[in-house]
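In: I'd like to go over a predicted model; first the sequence, then the structure.
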Amino acid sequence: MYKSVTKKAVVDFVRSNIICRSGIPKIIITDNATNLNSHLMKQVCEQFKIVHRHSTPYRPKENGAVEAANKNIKKILRKMVQGSRQWHEKLPFALMGYRMIVRTLVGATPYLLDYGTKVVIPAEVEITSLRTIVEAEIEDTE
């Protein structure tokens, strides 16, 4: 599964899915995998003035929240894919589902915390909901 995650794929992901979506982070923490610690990654971090730190394998508590999130995303993917090898095509949808789940600890969704607004799911666009009506300022007569 991870053999296809090349050094270039990691850098492209950081640019398009982290920097372009959420802005430039101050720090990126990765494990010590070679595809995460390449010269390409170093160049991106230098270009955007990102501090690149490494978690240590001897301190699993540091990775606990990430591992818990990854476990939940894998569960969602398993249910969506059901034995198919096309998991990479379903990943964006699995992530969307994960980002819409309210976390009881903070009482908010990851999407709300990241973007400052509630997510509008595709069904709300197709089937008009009260929220989309209010946001679009549609009058009662319409």
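Out: In hand now; what should we look at? Given the structure is predicted, the values throughout are model-derived calculations rather than measurements.

In: so where's the protein uncertain?
Out: Counting by pLDDT under 70, the chain has low-confidence residues at 1-4, 57-63, 83-84, 122-142.

In: Which residue ranges of it form strands?
Out: Under the criterion DSSP state E, the chain contains strands at 27-30, 51-54.

In: What pairs with the last one, parallel or antiparallel?
Out: Strands that pair with strand 51-54, judged by DSSP bridges, come out as strand 27-30 (parallel).

In: Would you format the strands of the chain as JSON lines with mean neighbour count and distance to Thr109 included?
Out: (Each C-beta comes from the backbone N, C-alpha and C, glycine too.) Conversion of the strands of the chain to JSON lines gives the following (neighbours: other Cβ atoms under 10 Å; distance: least, Cβ to Cβ, whole Å):
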{"stretch": "strand 27-30", "mean neighbour count": "14", "distance to Thr109": "22"}
{"stretch": "strand 51-54", "mean neighbour count": "12", "distance to Thr109": "27"}
